Every structure is written in C-alpha cells, then in structure tokens.
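Chemist: Sequence first, predicted model second:
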Amino acid sequence: MVRKPSYDFAVVGGGIVGLAAARALLAARPGASLVLLEKEDRLAAHQTGRNSGVIHSGIYYQPGSLKTELCRRGSAATRAFAAEHSIAVRTCGKLLVATSPAELARMAALEQRAAVNGITTQRLDAAELARREPNVTGCGALFVPATGVIDYALVAEALRADLAGAGATILTGRRVTGIVEAADRVLIDATARDGRPQDGSPLDGGGQDRGTWDATPRDATARNGGARDGAARDERLTAARLVVCAGLQADRLARLAGLRLDLAPLDIAIVPFRGEYYRLPPARDDLINHLVYPIPDPALPFLGVHLTRTPDGGVTVGPNAVLGLSREGYRKGSVNPRDAADCLRFPGLWRLARRNLRAGIREQANSLRKRGYLRECHKYCPSLTTADLTPHPTGIRAQAMRRDGTLIDDFLFAQTDRMLHVLNAPSPAATAALPIGGLIAARLLAADDDAWLRDQGFQLLPRRETVVRNADVNKLRDELLA
Ligand SMILES: Cc1cc2nc3c(=O)[nH]c(=O)nc-3n(C[C@H](O)[C@H](O)[C@H](O)COP(=O)(O)OP(=O)(O)OC[C@H]3O[C@@H](n4cnc5c(N)ncnc54)[C@H](O)[C@@H]3O)c2cc1C
C-alpha cells in the first residue's frame, strides 16, 4: 500500500498570504513539516503578481479594524523584510488630491482618521501642491510621506526561498480538488495542473463534490485507477492542520471543505472586480514625483484611478474597478461560464449594482473607452493624453460580498478545529501579509486552546460553522453569537 505523505501543516495558495502564513507557521514551530500547494506552475500568479505594488500606510481604514492594525504593522514588516532580502523599496510618499470644496471636506475627514490611526500626514495648499507636483492640479492635498512601492512578486520569491531554506515542500502545478476534515487530521486531494475535473470547471466547491469523498485512508494509486497518463496525476496527502489562502477561489475552497458560506452568519461569495491599468510611456515617467490619488468617494468601494510610481521608475495609471465575469481571465471581455453564472446568480451583486448604478455604468463605459478613463485622471492631472495610456497587465480583486450587497471591508477568516480559511484578503493584504501570516499561525496553533483564544479576544464557535474573529473589531460578532 502506498502511504500518503503526511505533514504537520499544509497551506493552499502560493500568493503572498499563503507564503507568509507558511513562513510564520515554521517560525513558530521550527522543524515542523509543511507543504504548500499552488495550482499554477509558478507562485504569485494572481493578485500578488498583479497589483499596484503600494506599501500602504493605513490612512483609509476604519480605526480599530484588522486592516488598520495589520497594515500599520505590515508596512514596517515589509520594509524590514525587503531590507533583509535586498528588495528595492521606493518611499516616494503619496498625495491625496482634492479638486473641489466637497473633496476638501472629505480630505479633512481623512486627515482626522489618519491621526486616529497614528499616521503622519501633512496638509498642502494649492500653491504647495503645484510646487511639488507641477503637472497636478487641485485646491489642496494631503501628503502621506510614509507610502512607498515594492514589487510584491519579489517579496513572494524571497518568501519561497526562506521557506525552502526552512525545509518546506513547495508544490506548484497542484490544484486542490478536495478537502475533508477528519477528527485527527485533514485529508487533501490535489490534481496535477492539466488533470482537470471532468466537467472542465477549474474547481468544484459544491456539496456534491464532498459526496465523492471518503475520509478513510486509501491507496491513492488505486483510487486513481493507477497512473492515468504522464501528465495528470491525483495525489492525496494529509496534514494535522490546514490553512487555505486561495484568493479568487477562497469561497469555493471553503465550500469544498464543508463550510456553509451560503448561510448566516457568513452568507458571502467572492465577486471578482477587475482592476485595469495603463502605463505611461518612458518619456513621461517624470510626470509625477509622488503617488497621486484622488480623494476617495466614501459611497464607492474602491480608491479611484490613481498614478503610481513603480519600483523600476515607471508610472502606472489605474486601476479602475469593473465587474469581472472570469475570476482568472485577464483579457478584456474574458468570460468564464461558471464564474459568470456564480456571479450573476448571487443576489448581493444586484443589490450592490442597484445602489451604485451610475458609478457602475460609468466604470464599465470607461473601461471600454480610453477617453472616459482619461476623464477620471484629468480631474487632477489635465496634461495626460490618450497617447500616454499604453497597455499594462490587469489585476483581478477577490472581494467577499454578503448576500445583502455589502462588501466585506475587513479581513475575514473562518476557522474550524483543524482548518483556517482566509475568506477576504483584499488590499492592503499585500502590505499586511507578514502580520496576517503571524495572526493565522497564532490562531491555528491556539486552536487547541480555547482559553488562549478567549484571552486574545477571539470568539470560537461550534465546529463547521465556526468563525473566529477578533471580538473588538468584528462587526459581525453579535450576529455570529446570536
Ligand atoms: C488590481 C489590484 C491592486 C492591488 N493593489 C495593492 C496594493 O497596491 N497594495 C496592497 O497592499 N495590496 C494591493 N492589492 C491587494 C493584494 O494584491 C492582495 O490582497 C494579495 O495579493 C492577496 O494575496 P493572496 O495570497 O490572498 O491571494 P493571491 O495572490 O490571489 O493568491 C491565491 C493563490 O491561491 C491559488 N489557488 C486558488 N485555488 C487553488 C487550488 N484549488 N489549489 C491550489 N492553489 C489554489 C491561486 O492560484 C493563487 O496563486 C491589490 C490587488 C489587486 C487585484
């Protein structure tokens, strides 16, 4: 009989959050065995390798939220990690530019929030803004000196090297297709990348898949009917504890593992929001000196199209935020039938759309017409032309949404006896990844010890529907405990 490989820890997802969680687990338990499974043939293939690269300071976030605290810690931790691993960081500071009296008022509110969050800012009048950024116009700006940029794909690569050095097994090209939590371990099935499920879907998170699962240890080769062909091979392994950081597939993997996301208190799904970018031609790289952002509209869920310096000295324009009909299809117009059906069937999407109809239509139209996209930037940078907008890769945000159409703002985790699923890790999760990893390790290792969790302010609910959140910051807590 072929023995299944058995590990102390398994981590699903080779993005920055999975890598950071793996690193934190091995730091907490040196010498433990750990396997990381990534479905793509390289790490950082999705959100981690397709973002703005900003090390956020935490100015926007609700005081007391996990986002605020972990972003603040993450900004420092990312810089320290970058210094240790010789990764370039450009601390160019960020300007939030107000272009109307209404925006000046919102800017003042942001300034107050920054103060509460312990972030240093400086208010600039129109003249000082013009002096610092001759190509930017506005009636004032808030300067956040600590904001910088980094290449998060390089951070992921350095985390991989650290993990390899600590003895972790990193398996790319392994799509996790099944998870069963047994009393003493978690059974995990993975298929080699080209070994797709029969329905051709990337991953089935429905309950029916669980029905085909057998928690009894079995010979993996026999289960597969022997090696089917050289390319596709199913594997089964076990781990004492499992962490799932699957980004755009987070809800499907949670369902696959038996969590009921369709019921209160969670009642969420991942909705993909495309973030489309352009890049300025090299001759225009000196257009700005800092990162330049609009003042965000509190009624809208994302930050607005901005100008971002890249670590290599370039400038990107974007991202916008348009609904995606393919979770991992990056070309404009990509449609994945299953992703589209999941998205369009989810009532939350329609409720969000009704509330933001005008803005949603405008974003979709601007996505198709450079001129419309440019109008957003002209509010604060009038000299940009359509010729300045050259192609740049798109990113897709994994955003958890509730059935009532509310976007989950904070980081969200669900935990059972032996598993921890990261259900929502939107921006600034790249900035915050190292402390998120620490938090995951602390929660997972403390799962044996309910008293410890309670001391830390976490609430532990019964198995399967268990959700563990920080009681101080969790707005859902009362509902969860009702
Ligand atoms: C357009 C955009 C701009 C952003 N800008 C910033 C920014 O400037 N600063 C910042 O801090 N944050 C930013 N973010 C957010 C940040 O990039 C993400 O929060 C972060 O990368 C999330 O990391 P992750 O590891 O959770 O997800 P991912 O990087 O998406 O990784 C998840 C991994 O899980 C793997 N996976 C999924 N299903 C399976 C399976 N069945 N089996 C095995 N593996 C699986 C995927 O292939 C993927 O590699 C931005 C995001 C986007 C999209």
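Modeler: Yep, it's here.
Chemist: what's whatever residue of the chain ends up closest to the ligand in contact with, if anything?
Modeler: Nearest to the ligand, among the residues of the chain, is residue 15, at 2.1 Å (Cβ to the nearest ligand atom). C-beta: built from backbone N, CA, C; applies to glycine. By Cβ atoms under 8 Å, 6 or more residues apart in numbering, the contact list for residue 15 reads 43-44, 46-48, 156, 245, 247.
Chemist: let's see it at 10 Å
Modeler: Residue 15 makes contact with 38, 40, 43-49, 152, 156, 245-248, 398, 422, 425, 429-430, 433 under the criterion Cβ atoms under 10 Å, 6 or more residues apart in numbering.
Chemist: Check residue 348 too.
Modeler: 267-269, 271, 400-407.
Chemist: Give the other helices and strands that the strand or helix carrying residue 113 contacts.
Modeler: Assigned by DSSP states H and E, residue 113 falls within helix 101-116. When contacts are defined as 3 or more Cβ pairs under 10 Å, 6 or more residues apart in numbering; DSSP states H and E, helix 101-116 sits against strand 94-98, strand 122-125, strand 140-144.
Chemist: does the ligand sit close to the last one?
Modeler: This points to strand 140-144. No. Using Cβ under 6 Å from any ligand atom, strand 140-144 stays clear of the ligand, coming no nearer than 13.4 Å.
Chemist: Could you double-check that residue 331 lies in contact with residue 394?
Modeler: Yes. Judged on Cβ atoms under 10 Å, residue 331 makes contact with residue 394 at a distance of 8.0 Å.
Chemist: Of the two, which one has the most company?
Modeler: Neighbours were counted for residue 331 and for residue 394 using other Cβ atoms under 10 Å; residue 394 has more, 21 against 7.
Chemist: That one in helix, strand or coil?
Modeler: With DSSP: H, G, I helix; E, B strand; the rest coil as the basis, residue 394 sits in strand.
Chemist: how about residue 342, what does it touch?
Modeler: 205, 251-252, 269-272, 325, 327, 336, 349.
Chemist: Reformat the residues you listed as TSV; add distance to the ligand and pLDDT.
Modeler: Formatted as TSV, the contacts of residue 342 follow (distance: Cβ to the nearest ligand atom, whole Å; pLDDT from 0 to 100):
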residue	distance to the ligand	pLDDT
205	9	29
251	11	95
252	7	96
269	15	94
270	10	96
271	13	96
272	9	97
325	16	96
327	9	97
336	14	97
349	18	94
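Chemist: Mind checking which of those land in helices?
Modeler: 251-252, 349 (DSSP state H).
Chemist: export those to CSV and tack on neighbour count?
Modeler: Converted to CSV, the ones in helices among the contacts of residue 342 look like this (neighbours: other Cβ atoms under 10 Å):
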residue, neighbour count
251, 26
252, 24
349, 18
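Chemist: where do the helices sit along the stretch 351-482 of the chain?
Modeler: 357-368, 370-378, 433-445, 450-455, 477-481 (DSSP state H, counting those that start in this stretch).
Chemist: Skip the chain neighbours and tell me the closest residue to residue 148.
Modeler: Distance criterion Cβ to Cβ, 6 or more residues apart in numbering; nearest residue to residue 148, sequence neighbours excluded, is residue 91 at 3.8 Å.
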